[in-house]
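*Asks:* My questions are about this predicted structure, shown below with the sequence.
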Amino acid sequence: VDEESHWACALCGQLIQIEYINTTQGCAGRSAGSGLSVGLFSRGACMFSVAGDRGLFGMEEELKCPVCRCFFNVPIILPCQHSICLSCAASQVTQTYGLKPTEEDALSYRHSTISSPGSDYSSAYDYTDLDKFDKLSLYSEADSGYGASLSGYAATCPSSPAFSTVSASSSISTTTSCLRCPQCRRTTYLDDLGVQGFPRNKALQTIVEKYEETKNIVIKCQLCVGQAPNDATVMCEQCSVYYCDKCRENCHPLRGPLAKHTLVSPALGKAAMKARNQTSQGVSTCIRHTDENISMFCIMCKIPVCYQCLEDGKHQNHDVKALGAMCKMHKAELSHNISTLSDKAREGKNFLSNLREMLDQVQENSVDFEASLVAQCDAIIEAINRRKEELMEQIQREKEHKLRMMREQINDLTNKLRQTTGLLEYALEIMKEEDAAAFLQVANGLIKRVCSAEMQWQKEVLLEPHEPPEFELQLNSQPVFKSIEQLSFVHTKVPGPPIFLHEECTVQNNSITVSWQPSPRSWVDGYVLELDDGNQGPFREVYVGRETLCTLDGLHFDCTYRVRVKAFNKAGEGPYSDSVQLHTAEVAWFALDPSTAHPDIVLSNDNMTVTCNSYDDRVVLGNVGFSKGIHYWECTIDRYDNHPDPAFGVARIDTLKDTMLGKDDKAWAMYIDSNRSWFMHNNAHSNRTEGGLDKGSVIGVLLNLEEHTLSFYVNDCMQGPIAFRDLHGVFFPAISLNRNVQMTVHTGLELPDHDSIDGE
């Protein structure tokens, strides 16, 4: 609050007034305006007091014994630095039969784990590296298995007066008492002092008493079994144990030797115990030498010792320092750790406040979002209703059209029937005429009229409705239902950067495989993978899709490629991930590719050995193409009959496969027989060179794409000059041969020692 005397606790905000005493003994302070006693903290090199009694209320679980789950009563400190009630420790003691670790093993382990003076002593208590002592563990009848590895005072200080050791090398079996920590399950072996040999945790006892006074805690029975112990009714001053009536009857009957024990009320017993503790807190005495005050601290054993312990040789050759100096050092270290932890707690508190604020924001945002959703759904329903009215109007128009057409047809047909009916009645009346002359006078005309009427019925009258009564319409609702099913939320936030799984990113030859995973809590529709040119150049897009694993082939050898990926969804593209760098193989490893071979080619030995079924030359290519770097491979002649002339070199992927290599403009080769060789490209022969091949000969091919040249070797000697120059593009290793030859390819070889690789 100011630079003089007032401070505020960063956690609780309580004002504290500091009274500085000095920088070595710390300082005393009182909470401003409250009079509460305070605990010890540090600021720089000075010690000062902060926080009041309210700081006790948050540590109740720290003040409970892990065995009885009650507040500590006479807590003792185990070698593993965990605390336990004295009475609970006595109840946890078991008898174990077997061999103990030797004193030399324990001491050598201690020397190997303890740091030098002034270092971080906490590393000495790393009990995770005790595997070698598991072999020396004891067989316990209590736990029906192997006992825990050595971790008690017998390990931390083999010569400690509180504990005895038995040499395993002597092959002496013994029955010993041991105590297993209920928290870390480490075992400590006891001597004749038993659990009384453990140091008392006076600081913890003081805090427990202060907490109980502040909270008015009812003292519970320490021997009740279960989650809810009964209230204590008495306390034994000799046993220092609180009992309920039932446990007193079962565990502490008033007869025999226990009849001499003094039982008092829990309040009186607590007061008496507190008085004894205050008396004993004046000067701490040695557990072994009760008349000696503790004045030194053994750094190796990490326990306080007295002068007599040093005289007895119990800590011979151990680093021992004054108790006050070590107390000051440990308080300074603890103060620093408390300050660091306080900063973490402050960050956590601020984050917790932000989370609580976010709760309100979530509530508010959900209300707004629900209102928006309801409004949008209402708009959709309104649009459907409008469309419904439009469709209903269309139905009404169709109905009116059908009715009009049917009425018109009915009127026309009615008129026609009326005329026809009149004509028929007239004709029937004429038929009744008995006077033949009179009948014949009108018969011809009447016959014509009836025939004409009949013809009109056939031509003009259609005895089918002009409009069917059915409505030949059907509502196409499938797209609407499909749209409703697809109606969902669209993420308005772009996805975060994906994360590469480095352990799954691999390189094989000139191919790289990269694997990644989406950013946590990101909605991803797909990914975009980008790769540079292997020379720190610009990135280019090489893959778009939903997969998270991609293999990229056909890259340059001996190049470092950078790869990055970004995710996208309907909201847009997210940021790029961190780039990962992968280096392709320095030299080429390849095999012959059956997919590029002529059908007469026969491959074996994992596609490294080749021959042919035809007397004509046939071509096969390698499965790796080269566009950069210097590459060298060899072919060993396994069989050579009737002086054929196989060809070796490089070619494009689409070179001819049914003729000798080099016959077209897509291959560059050297063909060789038993006496001489020629270079050939586009059916042009050049540079005849003496020297041929036979069974066992080795043909080498050197492709130098840094100088863009191609050279050949026979039995480690260069065959003629540089065969071809100015080679650009992608080239595949190539061979042509017939059935009289069999050869094996060897790849990934070192470059030959010749000036031609430098272009000279």
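*Replies:* Received it, and whenever you're ready, just let me know what you need. Residues are numbered from 1 along each chain as shown.
*Asks:* Tyr640: neighbouring residues, count only.
*Replies:* When neighbours are defined as other C-beta atoms under 10 Å, Tyr640 has 20 of them. All C-beta spots, glycine's among them, are computed from the backbone N, C-alpha and C.
*Asks:* So what sits opposite it in the bridge?
*Replies:* Legend: beta-bridge partners of Tyr640 under DSSP bridges are Val741.
*Asks:* average model confidence for stretch 546-560?
*Replies:* Averaging pLDDT along stretch 546-560 yields 89.
*Asks:* For that stretch, buried residues please.
*Replies:* Using 16 or more other C-beta atoms under 10 Å as the test for burial, stretch 546-560 gives Thr548, Cys550, Leu552, Leu555, His556, Phe557, Asp558, Cys559.
*Asks:* Show me which pair in those residues is furthest apart.
*Replies:* Farthest pair in those (C-beta to C-beta) is Thr548 and Asp558. Separation: 28.1 Å.
*Asks:* how about TSV for the buried residues of stretch 546-560, with distance to Ala89 and secondary structure added?
*Replies:* Converted to TSV, these look like this (distance: C-beta to C-beta, whole Å; DSSP: H, G, I helix; E, B strand; the rest coil):
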residue	distance to Ala89	secondary structure
Thr548	55	coil
Cys550	61	strand
Leu552	65	strand
Leu555	67	coil
His556	70	coil
Phe557	69	coil
Asp558	67	coil
Cys559	67	coil
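*Asks:* nearest residue to Thr176 other than its sequence neighbours?
*Replies:* Leaving aside its chain neighbours, Thr176 sits nearest to Tyr189 (5.3 Å; criterion: C-beta to C-beta, 6 or more residues apart in numbering).
*Asks:* That neighbour touches Gly197, doesn't it?
*Replies:* No - with contact defined as C-beta atoms under 8 Å, Tyr189 does not reach Gly197; the gap is 10.8 Å.
*Asks:* neighbour-wise, which of those two wins?
*Replies:* Tyr189 (22 against 18).
*Asks:* how far away is that one from Pro79?
*Replies:* 10 Å (C-beta to C-beta, to the nearest Å).
*Asks:* And Cys70, by the same measure?
*Replies:* From Cys70 to Pro79 the distance is 23 Å (C-beta to C-beta).
*Asks:* related to what we said a few turns ago, what's the distance between the residue nearest to Thr176 and Thr175?
*Replies:* When Tyr189 is compared with Thr175 (using C-beta to C-beta), they lie 11 Å apart.
*Asks:* And Gly324, by the same measure?
*Replies:* 42 Å.
*Asks:* circling back: could you check which of Cys70 and Pro79 has the larger neighbour count?
*Replies:* Neighbours of Cys70 and Pro79, each counted by other C-beta under 10 Å, are more numerous for Pro79; the result is 27 against 21.
*Asks:* Is it correct that that one falls within a helix?
*Replies:* No - assessed with DSSP: H, G, I helix; E, B strand; the rest coil, Pro79 is coil; it does not lie in a helix.
*Asks:* helices or strands up against the helix or strand containing Met358?
*Replies:* Taking DSSP states H and E as the definition, one finds Met358 inside helix 323-431. Applying 3 or more C-beta pairs under 8 Å, 6 or more residues apart in numbering; DSSP states H and E, one finds that helix 323-431 contacts strand 39-43, strand 294-298, helix 436-460.
*Asks:* Need the pLDDT of Leu107.
*Replies:* So Leu107 comes in at 41 (pLDDT).
*Asks:* How about Arg688?
*Replies:* Confidence at Arg688, expressed as pLDDT, is 92.
*Asks:* That one against Asn675, yeah?
*Replies:* No - the pair Arg688 / Asn675 is not scored as a contact, 10.2 Å apart, by C-beta under 8 Å.
*Asks:* Please look at Cys85 and Phe72 and confirm they touch.
*Replies:* Yes - with contact defined as C-beta under 8 Å, Cys85 counts as touching Phe72 (5.8 Å).
*Asks:* Quick check: neighbours shared by the two?
*Replies:* Cys65 (C-beta atoms under 8 Å, 6 or more residues apart in numbering).
*Asks:* And for Val714, the neighbour number?
*Replies:* Counted with other C-beta under 10 Å, Val714 comes out at 20.
*Asks:* Would you mark the buried spots in stretch 488-507?
*Replies:* The neighbour-count check on stretch 488-507 (16+ other C-beta under 10 Å) flags Val494, Pro495, Gly496, Pro497, Pro498, Phe500, Cys505 as buried.
*Asks:* And the fourth one, how far from Val524?
*Replies:* Using C-beta to C-beta, Pro497 is found at 11 Å from Val524.
*Asks:* Can you tell me, leaving aside adjacent residues, what's nearest to Ser295?
*Replies:* Here the residue nearest Ser295, using C-beta to C-beta, 6+ apart, is Leu323, at 5.4 Å.
*Asks:* In space, what's closest to Gly496 - neighbours in sequence excluded?
*Replies:* Closest residue to Gly496 in three dimensions, ignoring its sequence neighbours and counting by C-beta to C-beta, 6+ apart: Ser519, at 3.1 Å.
*Asks:* nope, Cys88 is what I meant
*Replies:* Val67 (3.9 Å).
*Asks:* Might one say that that neighbour is in contact with Leu86?
*Replies:* No - contact between Val67 and Leu86 fails when scored by C-beta under 8 Å: they sit 11.0 Å apart.
*Asks:* So for those two, which sits in the more crowded spot?
*Replies:* Leu86 (22 against 16).
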